[in-house]
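Engineer: Sequence and computational prediction follow.
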Amino acid sequence: MRRPLLLTAFALLAAASSPAQTFVFKGERWEVNDPFKLDNSVPPKPVVDPKKGVINAVKGTVDLTSNKGGFESVTTRKLSEVTEIIWPTPARLQEAQNNVNRGEPAKALDNVEAVLKFFEPLKNVPGSLWVKASLLKLDALDRLENDAATNSFLANFEKEEAAKQPEVATQIQLAKLMLRARKGEHDAVIREATELLTKVDSSELQARLHLTKGNSLLAAKKYEAAMTTYLRVPVFFGSETEMIPKALLGAARAFRGMDSPAMRDQKLEAVSNRYLYDIIVSYPVSKEAEEAKKLLPPEERAKAEADQKKIAAGGPLPEGVIMAKPKLAAEEKVEGNK
């Protein structure tokens, strides 16, 4: 009977210890109201705690009201005086990331704009979320394939101090590679992506660069190289779950491209279908699952959809699902080519 009480106590402790929105000034810290926290009125209004600082974005100031001996006094500091920001990820920024992951880049842009606007005057302050929001916007624009808007945003973003940070610079280069790929400059994309892969350590960037390189290899009809490039994502970067179905779909298409009369004995179409099946079963709500359904023969598609429903109802993972042992699936094909 004590277990629920313990869980409640732990939840309260976690809530109490979670960082509040804080501006650090020289010599003092102010907790400030979260402008993204709204009440339930229509239209919703910001929730204001009178004990916390109130941000005036128009004036570029923060007002903190204190009460001493029954007398209220207001202290005002400029946003330009903030030396550090402690700010948990806002719900709107998290939702923008979720939008991107769900293949909803237009919704992501709607959610990220408010965050960008708020952190604009604080963009170079340590702890600011402006860079994170900017990179999310860049990703959303790229996924919309709005090249004019992407180029315009990049032109301004590259002028910022943050663009000099190695990881940010790499993401900017990656966005430029995507623009070049859409122009059909696949040889250049393959060459530059290969070079960039030797310079980055981030698992996310490694996975995205492999996808970019794989896409250009596939477009250039270099199917076997595309296949091995795509399969490096689930094998070596399995924690980047959003990119796994993209890599599996790319690999499935590469296997189909490799299928020819000379290779017919290797049953590459069947191998491709296994990957398509796995996408539908393991990533049913992804855009790639919809693409996989279009490529699979009707009988196999029906089986994949039925198996996915069984899993959703709590059933076991069907035998032979590739993602249960992604490395073995990749090694199987590599060994077959030796």
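Structural biologist: Structure's in. What do you need?

Engineer: so what's the backbone phi/psi at the residue nearest to residue 20 when sequence neighbours are not counted?
Structural biologist: Excluding the flanking residues, the one nearest residue 20 by Cβ to Cβ, 6 or more residues apart in numbering is residue 31, at 4.9 Å. Every C-beta, even on glycine, is put in place using the N, C-alpha and C of the backbone. Dihedral pair for residue 31: phi -80, psi 140, per degrees, to the nearest 10.

Engineer: Is residue 31 bridged to anything, and to what?
Structural biologist: Judged by DSSP bridges, the bridge partners of residue 31 are residue 22.

Engineer: Okay, the closest residue to residue 147 other than its chain neighbours and residue 172: tell me how far apart.
Structural biologist: If the residues on either side of it in the chain are set aside, residue 147 comes closest to residue 179, at 5.8 Å by Cβ to Cβ, 6+ apart. Distance of residue 179 to residue 172, computed by Cβ to Cβ, to the nearest Å: 11 Å.

Engineer: Then residue 54?
Structural biologist: When Cβ to Cβ is the yardstick, residue 54 and residue 172 sit 36 Å from each other.

Engineer: Relative to residue 184, how far out is the residue nearest to residue 20?
Structural biologist: Where residue 184 is concerned, residue 31 sits at a distance of 53 Å (Cβ to Cβ).

Engineer: How about residue 293?
Structural biologist: With distances defined as Cβ to Cβ, the gap from residue 293 to residue 184 amounts to 28 Å.

Engineer: Any idea how many residues pack against the closest residue to residue 165 other than its chain neighbours?
Structural biologist: Once flanking residues are discounted, residue 165 sits nearest to residue 131: 7.6 Å by Cβ to Cβ, 6+ apart. A count of nearby residues for residue 131, using other Cβ atoms under 10 Å, gives 20.

Engineer: Hmm, residue 131 is touching residue 124, no?
Structural biologist: No - with contacts defined as Cβ atoms under 8 Å, residue 131 does not count as touching residue 124, sitting 9.2 Å away.

Engineer: which residues do those two both contact?
Structural biologist: residue 162 (Cβ atoms under 8 Å, 6 or more residues apart in numbering).

Engineer: Start and end of stretch 256-273, how far apart?
Structural biologist: 9 Å (Cα to Cα, to the nearest Å).

Engineer: Compare residue 31 and residue 184 and say which is more crowded by neighbours.
Structural biologist: The neighbour comparison of residue 31 against residue 184 (other Cβ under 10 Å) goes to residue 31, with 16 against 12.

Engineer: And the pLDDT for the more buried one?
Structural biologist: Reading off the per-residue confidence, residue 31 sits at a pLDDT of 95.

Engineer: same thing with residue 197?
Structural biologist: Per-residue pLDDT puts residue 197 at 94.

Engineer: where exactly do the strands run in the stretch 51-200 of the chain?
Structural biologist: Using DSSP state E, counting those that start in this stretch, the strands found in the stretch 51-200 of the chain span residues 54-56, 61-68, 71-78, 84-86.

Engineer: Mind listing the strands the second one pairs with, and their directions?
Structural biologist: Looking at strand 61-68 with DSSP bridges, its partner strands are strand 54-56 (antiparallel), strand 71-78 (antiparallel).
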